[in-house]
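*Asks:* need coordinates for the below:
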Amino acid sequence: MTIREAIDRADALRPNTVAETEKYLWLAQLDGALRRQVHNQHEAEGEENRAGADLMQADDTVLLAKEPYSGIYLYWLMAQIDLALGELTRYNNDMMLYNMALTEYAVDYKRTHLPVGRGQFKF
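*Replies:* Below you'll find the model as predicted:
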């Protein structure tokens with residue numbers, strides 16, 4: 001999923017008046033957190049660590065979480081939109097869905113990628 005696709009889908013699901021610059025920032029915050037908390041702890045495959053909204057802000061930038069986990073971006077954007085608009089009940093629901101999606105993504109990523117070597121254990 002690209003930045004543009006994430007913003008367009010979130011806007012279709014949750015019509016709003018929030019500036020697009022805020023949505024770019026929110027996506028950069030999420031991809032930055034994914035990179036620090038999940039990706040940097042494990043070995044990357046090829047171009048995998050060159051993606052992400054925290055590194056580039058072009059509309060066609062590919063976000064870190066691939067299918068079937070790209071819904072994480074929709075839940076995150078909708079939650080941030082709801083928070084900005086003072087829709088706290090919706091925000092809480094969106095964050096619950098986001099946290100479930102984040103957990104599924106992190107578990108799958110950790111299961112399919114080797115941890116980064118932190119040194120050699122010697123007797």
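
*Asks:* the protein: strands as residue ranges?
*Replies:* When assigned using DSSP state E, the chain turns out to have no strands.

*Asks:* show me what the helix or strand of it with the lowest mean pLDDT is packed against.
*Replies:* Lowest mean confidence among the helices and strands of the chain (mean pLDDT, DSSP states H and E): helix 20-37, at a mean of 93. Under the contact criterion of 3 or more C-beta pairs under 8 Å, 6 or more residues apart in numbering; DSSP states H and E, helix 20-37 touches helix 3-13, helix 71-84. Using the backbone N, CA and C atoms, a C-beta is placed for each residue, glycine as well.

*Asks:* hmm, try it at 10 Å
*Replies:* Contact partners of helix 20-37 among helices and strands, from 3 or more C-beta pairs under 10 Å, 6 or more residues apart in numbering; DSSP states H and E: helix 3-13, helix 71-84, helix 88-112.

*Asks:* redo those as CSV? Include mean pLDDT and distance to residue 19.
*Replies:* Shown next, in CSV, are the helices and strands packed on helix 20-37 (pLDDT from 0 to 100; distance: least, C-beta to C-beta, whole Å):
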stretch, mean pLDDT, distance to residue 19
helix 3-13, 96, 11
helix 71-84, 97, 10
helix 88-112, 95, 18
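
*Asks:* can you put these in TSV and add distance to residue 28 and mean neighbour count?
*Replies:* Output for the helices and strands packed on helix 20-37, formatted as TSV (distance: least, C-beta to C-beta, whole Å; neighbours: other C-beta atoms under 10 Å):
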stretch	distance to residue 28	mean neighbour count
helix 3-13	9	17
helix 71-84	11	23
helix 88-112	16	15
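
*Asks:* between the ones you listed, which one is closest to residue 53.
*Replies:* Among those, helix 3-13 comes nearest to residue 53, with 5.6 Å by C-beta to C-beta.
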